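Q: Here's my sequence, what's the structure:
(chains A, B, C and D)
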2 protein chains.
Amino acid sequence: MTMEFEKIADILKALADPTRLKILSLLRIRDCCVCELVPIFNISQPAISKHLSRLKMAELVRETRKGQWVFYSINEKRLEEIRYALSHLPDLSEELRELEQQGLTVICE
Amino acid sequence: MTMEFEKIADILKALADPTRLKILSLLRIRDCCVCELVPIFNISQPAISKHLSRLKMAELVRETRKGQWVFYSINEKRLEEIRYALSHLPDLSEELRELEQQGLTVICE
DNA sequence: AAACTATATAACCATATTGTTATTTATGCA
DNA sequence: TGCATAAATAACAATATGGTTATATAGTTT
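A: Numbers count the residues shown, from 1 in each chain, chains lettered A, B, ... in the order given. Predicted coordinates for the structure are as follows:
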């Protein structure tokens, strides 16, 4: 249920780029193929391709080949998962309890 | 209201690290000072200090000096903002409309 | 004032990220 | 079969990231 810190960080890294966020925003309107995305951005086709690959690795998008085109679609479920993960990060109460037992807790005033 | 792609990406970059996510999870339990966080992680004090500085830049935490200690607290409002931003990314319908006008839209089947 | 504790900053290094151009692979069609 | 188009991969370069150790700064205590 609760996602590991490493896993959450990996998905957030895939999200943490303006180009990839723009791609996701476009895919919210409709599925797009690579050759449609390229003219919208000021970067090369391989760059777009790599961004899509990064998003696919994080399962934020899915790809479907249609003839010579590869269409990408958004995986809204994954985005919902990451929003949920940010609200429900793994619990670290135990770590703070150990800190207290080791007498390393700082108390002031 | 709607946050720019660059701005959202900056905040997501600050979040996209397992150590910083752990720090935020700890601060959800209670405010902590740097010297309490250090023994919980297997990294140096300056490393923790830099992570906190990164979180502060993104306004995900706030700092308060109490005597010789600096206590950090979580800014839940900022986290709520980023969750909202992921649900409401800036609209790019116009970009797709221009694509159609330029005849670059791909239609198959 | 001097010594101690807590935190931040500087300088540095290894690796990751994000772009490029050149090339390869996959599909469609004359 | 051979050529055109779409997309992915390879090789490379510049910059960002995340760690280190050494040092500076801020506050406390003797």
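
Q: In a helix, residue A:7, correct?
A: Yes - under DSSP: H, G, I helix; E, B strand; the rest coil, residue A:7 sits within a helix.

Q: Chain A against DNA strand D: which residues are in contact?
A: A:33-35, A:45-46, A:49-50, A:52-53, A:63, A:68-71 (CB under 7 Å from any atom of the strand). Any C-beta I mention is one placed from the backbone N, CA and C, and that applies to glycine too.

Q: What segments of chain A are strands?
A: Along chain A, the segments classed as strands by DSSP state E run A:32-33, A:61-66, A:69-74.

Q: Save those strands as CSV, and put in mean pLDDT and mean neighbour count too.
A: Formatted as CSV, those follow (pLDDT from 0 to 100; neighbours: other CB atoms under 10 Å in any protein chain shown):
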stretch, mean pLDDT, mean neighbour count
strand A:32-33, 98, 22
strand A:61-66, 98, 14
strand A:69-74, 98, 18
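
Q: any chance of those strands in a markdown table, with distance to residue B:13 too?
A: Formatted as a markdown table, those follow (distance: least, CB to CB, whole Å):
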| stretch | distance to residue B:13 |
| --- | --- |
| strand A:32-33 | 25 |
| strand A:61-66 | 20 |
| strand A:69-74 | 21 |
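
Q: quick one: which of the ones you listed is nearest DNA strand C?
A: strand A:61-66 (5.9 Å; CB to the nearest atom of the strand).

Q: so what does that closest one touch, helix or strand wise?
A: On a contact count with 3 or more CB pairs under 8 Å, 6 or more residues apart in numbering or on different chains; DSSP states H and E, strand A:61-66 meets helix A:18-29, helix A:45-57, strand A:69-74.

Q: Can you list the low-confidence ranges for chain A?
A: For chain A, the stretches with pLDDT under 70 are A:109.

Q: rewinding a little: farthest pair within the residues of chain A next to DNA strand D?
A: By the measure CB to CB, A:50 and A:68 form the most distant pair in these, at 19.7 Å.

Q: of these two, who's got more company?
A: Legend: neighbour count by other CB atoms under 10 Å in any protein chain shown for residue A:50 and residue A:68, higher for residue A:50 (13 against 9).

Q: how near is the residue nearest to residue A:10 when sequence neighbours are not counted to chain B?
A: Excluding the flanking residues, the one nearest residue A:10 by CB to CB, 6 or more residues apart in numbering or on different chains is residue A:58, at 6.5 Å. Counting by CB to the nearest CB, to the nearest Å, the gap from residue A:58 to chain B is 11 Å.

Q: Neighbours of residue A:58, how many?
A: The burial count for residue A:58: 19, using other CB under 10 Å.

Q: go on, residue A:5?
A: 20.
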